[in-house]
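*Asks:* Let me see the structure of the following:
(chains A and B)
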Amino acid sequence: MDENSDDIPIEPEGGEDIRSGVGVGEPATDIGSEETLLEALRSGDEDAFAAIVDSHHGSMIRIARLYVADDATAEEVAQEAWLAVLKGIDRFEGRSALRTWIFRIVSNLAKTRGVRERRSVPFSVLIGDDIDGVDGMAPEDRFFPPDDPDRAGRWITYPEGWGDQEERMLSAEAREVAEAAIQALPPRQRIAITLRDVEGMDSDYVRNELDISATNQRVLLHRARTTVRAELERYFAGEG
Amino acid sequence: MDKHGQDEQSISFTCRELTQLITDYWEGALSPADAASFEHHMSQCGPCEDYVEQVRIATLTVGSLRDYDVPESTRTALFEMFRAWKSGRNQAV
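*Replies:* Numbering: from 1, shown residues only, chains lettered A, B, ... in the order given. Next comes the predicted model:
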């Protein structure tokens, strides 16, 4: 197969996916069934189209919304992307997963739209906004300072064990808190956590999307996760 | 460099450092020695173990945000688009 088809090489990262084995994450991609699906789509099968719309439309809106200013525009971009998907379906060679290819399309359309409408901050302005200063990754004020002779870097206040609250943490309320926390993040952290942890894309996809190093991809992702954890803690502590 | 006062075990992490390395650990980005240090620290330190578990749960919560039902109006619009695409395609062929 042509090395350069479908734009992005996808090499799964060797690291452990912490969501595997816990019932959350990417639905299994069966190559065989994806080819069957593509054939059906190309032949105009409406059930096949319904299936990919159900699988991807919500994700497409979420991705578009990373770059455009409001939900209505994100919905428009997602619909525009579907047309581009249909028009390009004969040229799609299956080098990447269908989902990855669709995400590229919606992302590119959304970036173009965001820039054209001047409603989103240009990417060049964002560089460095949320990577510099690794210290931001620690839960602040909870450790003894580096000059403490015996206890430097140790916990001052232990994180309160969540123990049997795991179920609550996965409740609808917790999801709202997490959603709000993500929306409030600096743009690139929001992009990283949305693509990795909501949509289940791999780190190469995110590096490609943001044009950043593997290290910076992890920094952005970890900061974002740290913030979401802190917001959940704050919310549930406040609730009593 | 001994700012953390750990002259004997330079590869071991403080709690503060460990909290910053969680994603690196999960992504397999730590060297084998650092990964072993991470695991050793976790096995000895209840608060860090709790903290890592909380980041994991937070990440799972984020993963659950993907649920979405396509509204009927959107579905209708998309199917119109699909049929138009299909009929244009059939004419072209």
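
*Asks:* Now do the same contact list for the residue positioned nearest the centre of chain A.
*Replies:* With distances taken as Cα atoms, centre = their mean, chain A has A:Leu195 as the residue nearest its mean C-alpha position (1.5 Å). Each residue near A:Leu195 by Cβ atoms under 8 Å, 6 or more residues apart in numbering or on different chains is listed here: A:Ile63, A:Met201, A:Tyr205, A:Val206, A:Glu209. (C-beta placed from N, C-alpha, C; glycine too.)

*Asks:* just the buried members of the residues you listed?
*Replies:* A:Ile63, A:Met201, A:Tyr205, A:Val206, A:Glu209 (16 or more other Cβ atoms under 10 Å in any protein chain shown).

*Asks:* Hmm, the first one is touching A:Val198, no?
*Replies:* No: using Cβ atoms under 8 Å, A:Ile63 makes no contact with A:Val198, being 9.4 Å away.

*Asks:* Would you mind putting the buried ones among the contacts of A:Leu195 into a markdown table with secondary structure alongside?
*Replies:* What follows is those, written out as a markdown table (DSSP: H, G, I helix; E, B strand; the rest coil):
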| residue | secondary structure |
| --- | --- |
| A:Ile63 | helix |
| A:Met201 | coil |
| A:Tyr205 | helix |
| A:Val206 | helix |
| A:Glu209 | helix |
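
*Asks:* now, which of those sits nearest B:Ser12?
*Replies:* A:Val206 (30.4 Å; Cβ to Cβ).

*Asks:* Surely the residue nearest to the centre of chain A is within a helix?
*Replies:* Yes: per three-state DSSP, A:Leu195 lies within a helix segment.

*Asks:* what sits up against the longest helix along chain B?
*Replies:* Ranked by residue count, the top helix of chain B under DSSP state H comes out as helix B:72-92. Outside helix B:72-92, the residues within contact range by Cβ under 8 Å, 6+ apart are A:44, A:46, A:49-50, A:53, A:57, A:75, A:79, A:82-83, A:86-87, B:70.

*Asks:* Any of these buried? List them.
*Replies:* For the contacts of helix B:72-92, a burial check counting by 16+ other Cβ under 10 Å picks out A:Gly44, A:Phe49, A:Val53, A:His57, A:Glu75, A:Gln79, A:Trp82, A:Leu83, A:Leu86, B:Val70.

*Asks:* Longest helix of chain A, counting residues only.
*Replies:* helix A:214-239.

*Asks:* what comes up buried for it?
*Replies:* For helix A:214-239, burial by neighbour count (16+ other Cβ under 10 Å) applies to A:216-233, A:235-236.

*Asks:* same deal with stretch A:177-189?
*Replies:* Result for stretch A:177-189 [16+ other Cβ under 10 Å]: buried residues A:Val177, A:Ala178, A:Ala181, A:Ile182, A:Leu185, A:Pro186, A:Pro187, A:Arg188, A:Gln189.

*Asks:* Also stretch A:96-113?
*Replies:* Buried residues in stretch A:96-113, counted by 16+ other Cβ under 10 Å: A:96-107, A:109-111, A:113.

*Asks:* what stretches of chain A score poorly on pLDDT?
*Replies:* Within chain A, the stretches with pLDDT under 70 are A:1-32, A:118-141, A:163-166, A:239-240.

*Asks:* What ranges does it have for its helices?
*Replies:* A:31-42, A:46-64, A:71-88, A:98-116, A:123-126, A:166-169, A:172-183, A:187-193, A:203-210, A:214-239.

*Asks:* what's next to the second one, contact-wise?
*Replies:* Where contact means Cβ under 8 Å, 6+ apart, the residues beyond helix A:46-64 that reach it are A:27, A:37, A:40-41, A:71, A:73-75, A:77-78, A:81-82, A:98-99, A:102-103, A:106-107, A:109-110, A:113, A:194-195, A:198-199, B:66-70, B:74-75, B:78-79, B:82.
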